[in-house]
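>>> predicted model, plus sequence, below.
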Amino acid sequence: MNVLVINCGSSSLKYQVIDSETESVRAKGLCERIGIDGRLVYQPAGGEKEVTDAPMPTHKQAIQMVIDALVNEKTGVIKSLDEIGAVGHRLVHGGEKFAASAIITDAMIQTVEECSELAPLHNPANLIGVRACQELMPHTPMVGVFDTVFHQTMPQKAFMYGVPYEYYEKYAVRKYGFHGTSHSYVSKRAAAMLDKPYESLKTIVCHLGNGASVCAVENGKSVDTSMGLSPLEGLVMGTRSGDIDPSAVEYIAKKEGLDLAGVINVLNKKSGVMGLSAVSSDFRDLSAAAESGNKQAEVALSVFSYRVVKYIGAYAAAMNGVDCICFTAGVGENDAAVRKEICASLTYLGVQIDEAANAKRGEETVISTPDSKVKVLVVPTNEELMIARETVALV
């Protein structure tokens with residue numbers, strides 16, 4: 001079965017066509033600047049990348065352009081839409097209403113809409129992609145795969161906040177966690193790489209990119225994760241502040257003359273390593289600036305790594321031990337210096353790094369030495385494949 005995987009944002013749309021039998025990617029690409037001017041990036045397997053600038057007033061037009069590229073006589077990978085057996089959609093927030101991926105129905109969409117106030121930047125955009133696909137492919141089954149589902153196994157002691165219990169009962173205020181599809185894939189893949197039963201391992205997954213989170217996976221289940229009610233909690237990230245004293249929010253708002261929405265916007269979009277460095281949210285830019293002697297960039301990188309170290313230590317304690325630590329996502333997979341700095345603070349766990357192995361970029365590999373008490377791995381994430389697998393399982 002060919003599965004079309006859609007990851008829809010407010011002005012962008014990532015897509016892949018995956019053959020579920022071989023789990024190979026037949027084509028992939030990106031629609032950018034939807035509603036502005038429009039750009040389609042399309043790359044068939046084994047073929048050249050094609051870039052087309054064309055108007056995309058809405059997501060429906062963007063998806064139509066994707067379909068046109070997929071069925072193109074010269075570079076397309078399918079002859080007609082009939083060859084798409086199902087569509088898998090990334091949905092960010094399912095609240096407590098979804099403990100598993102689900103077939104998309106009108107009732108399901110309504111439930112996701114009810115969760116939108118928990119993820120106002122993500123869920124509405126995700127649903128725009130769902131509705132656009134439904135218009136263009138009304139007879140094709142579709143599945144929603146949630147970022148939050150993997151973390152629904154967290155115990156109450158891990159997901160509750162220290163606020164009046166009635167806020168949980170009335171408003172579902174609690175930790176939900178995100179990047180679940182990535183944490184699930186990487187923890188399972190790590191078990192396979194180590195040839196160990198998934199249900200027997202204590203694994204810490206570090207999903208380090210512009211958005212970043214750490215997850216504790218014990219015996220095949222997420223038992224804690226760094227992101228919370230929203231993706232703002234936890235690590236210092238590209239533009240997000242991560243953990244911060246709530247009183248600082250009030251203090252900044254008063255000093256800067258901001259309302260609540262204004263200060264939250266600062267914490268989401270103008271903070272993190274970009275705010276600390278005043279250079280960039282891109283870690284490649286930060287590394288270059290630090291190497292050139294930029295002290296603020298050095299501080300930003302050290303703060304980022306330190307926060308990761310703290311969460312790894314916390315989760316090793318929470319699970320009463322750890323068998324393996326995994327690095328994934330853009331920074332985790334490609335930045336050897338960040339991995340080295342983090343692991344240098346983990347020698348108390350018996351972590352020892354193989355310098356040559358750690359120098360590799362973007363490859364599945366064990367970067368710890370044979371005598372390291374805790375195995376350390378780099379596992380490139382594959383959220384699209386996980387979405388395709390969940391879709392096939394349901395349809």
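Perfect, thanks for sending it.

>>> which residue ranges of the chain form strands?
2-8, 13-19, 24-32, 39-44, 50-53, 84-91, 102-103, 142-146, 202-208, 212-218, 221-225, 324-328, 365-366, 375-378 (DSSP state E).

>>> Arg240: which of these is closest?
strand 212-218 (8.4 Å; C-beta to C-beta). All C-beta spots, glycine's among them, are computed from the backbone N, C-alpha and C.

>>> contacting residues for the nearest residue to Met108 once chain neighbours are set aside?
Once its chain neighbours are removed from consideration, Met108 has its nearest residue in Ala102; the separation is 5.4 Å (C-beta to C-beta, 6 or more residues apart in numbering). Ala102 makes contacts with 108, 143-144, 394, as judged by C-beta atoms under 8 Å, 6 or more residues apart in numbering.

>>> for Arg39, list each beta-bridge partner.
When bridges are assigned using DSSP bridges, the partners listed for Arg39 are Glu32, Asp53.

>>> next up, the contacts around it.
With C-beta under 8 Å, 6+ apart, Arg39 has these contacts: 31-33, 51-54, 56.

>>> would you mind checking which helix or strand in the chain has the lowest mean pLDDT?
Across the helices and strands of the chain, mean pLDDT, DSSP states H and E gives its lowest value to helix 123-136, namely a mean of 89.

>>> rewinding a little: wait, which of the strands of the chain is closest to Lys310?
With C-beta to C-beta as the criterion, Lys310 lies closest to strand 212-218 of the strands of the chain, at 9.3 Å.

>>> what's that closest one packed up against?
Applying 3 or more C-beta pairs under 8 Å, 6 or more residues apart in numbering; DSSP states H and E, one finds that strand 212-218 makes contact with helix 180-194, strand 202-208, strand 221-225, helix 295-318.

>>> pLDDT score for the residue nearest in space to the middle of the chain?
Centroid check for the chain by C-alpha atoms, centre = their mean gives His179 as the closest residue, at 3.7 Å. Reading off the confidence values, His179 has pLDDT 93.

>>> can you put the strands of the chain in TSV and add distance to Thr347 and mean pLDDT?
Listed next are the strands of the chain as TSV, based on distance: least, C-beta to C-beta, whole Å; pLDDT from 0 to 100:
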stretch	distance to Thr347	mean pLDDT
strand 2-8	38	94
strand 13-19	39	94
strand 24-32	39	94
strand 39-44	42	95
strand 50-53	47	93
strand 84-91	37	96
strand 102-103	44	96
strand 142-146	37	96
strand 202-208	16	98
strand 212-218	19	97
strand 221-225	23	98
strand 324-328	13	98
strand 365-366	17	98
strand 375-378	12	98
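
>>> the ones you listed: which one's closest to Pro231?
Using C-beta to C-beta as the criterion, the shortest distance between Pro231 and the strands of the chain is 7.6 Å, found for strand 212-218.

>>> partners of that closest one in the sheet?
For strand 212-218, the pairing partners within the sheet under DSSP bridges are strand 202-208 (antiparallel), strand 221-225 (antiparallel).

>>> got the angle between the last one and helix 180-194?
I take that to be strand 221-225. Going by axes from the mean of the first three to the mean of the last three C-alpha atoms, to 10 degrees, strand 221-225 is angled at 120 degrees with respect to helix 180-194.

>>> ok, the first one next?
Taking the same axes, to 10 degrees, one finds that strand 202-208 is oriented at 130 degrees with respect to helix 180-194.

>>> and the angle from strand 202-208 to strand 324-328?
Here strand 202-208 runs at an angle of 20 degrees relative to strand 324-328 (the same axes, to 10 degrees).

>>> just the last one next, same as before
Between strand 221-225 and strand 324-328, the angle formed by their directions is 70 degrees, by the same axes, to 10 degrees.

>>> quick check, distance from strand 221-225 to the centre of its chain.
Put simply, strand 221-225 sits 15 Å off its chain's centre (C-alpha atoms, centre = their mean, to the nearest Å).

>>> so how far is His139 from the residue nearest to Met108?
Separation of Ala102 from His139 (C-beta to C-beta, to the nearest Å) stands at 19 Å.

>>> what's the answer for Gly9, then?
When C-beta to C-beta is applied, the distance between Gly9 and His139 equals 26 Å.

>>> quick one, which of these two is more surrounded?
Counted by other C-beta atoms under 10 Å, Gly9 and His139 do not tie: Gly9 has more neighbours, with 19 against 7.

>>> list the residues that contact that one.
Applying C-beta under 8 Å, 6+ apart as the definition, the contact partners of Gly9 turn out to be 122, 125.

>>> got it, and the one 4 residues further on?
Neighbouring residues of Leu13 by C-beta under 8 Å, 6+ apart: 6-7, 30-31, 34, 59, 62-63, 66, 129.

>>> out of these, which is most surrounded?
When neighbours are taken as other C-beta under 10 Å, the top entry among these is Ala62 (30 neighbours).

>>> still on that earlier bit, Ser292 is nearest to which of the strands of the chain?
Nearest to Ser292 among the strands of the chain is strand 202-208 (22.7 Å), distances taken as C-beta to C-beta.

>>> relative orientation of that closest one and helix 295-318 in degrees?
Orientation of strand 202-208 against helix 295-318 (the same axes, to 10 degrees) gives an angle of 160 degrees.

>>> contacts for strand 202-208 next, please.
Against strand 202-208 from outside (C-beta under 8 Å, 6+ apart): 179, 182-183, 186-187, 190-191, 212-219, 235, 308, 312, 315-316, 319, 321-332, 335, 338, 342, 381.

>>> buried subset of the residues you listed as a PyMOL selection?
Here is the PyMOL command that picks out the buried ones among those, judged by 16 or more other C-beta atoms under 10 Å:
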select buried, resi 179+182+183+186+187+190+191+212+213+214+215+216+217+218+235+308+312+315+316+319+322+323+324+325+326+327+328+329+330+331+332+335+338+342+381
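
>>> what's the local residue count around Gly46?
By other C-beta under 10 Å, 7 other residues sit near Gly46.

>>> do you know how far it is from Cys31?
Gly46 is 22 Å from Cys31, where distance means C-beta to C-beta.
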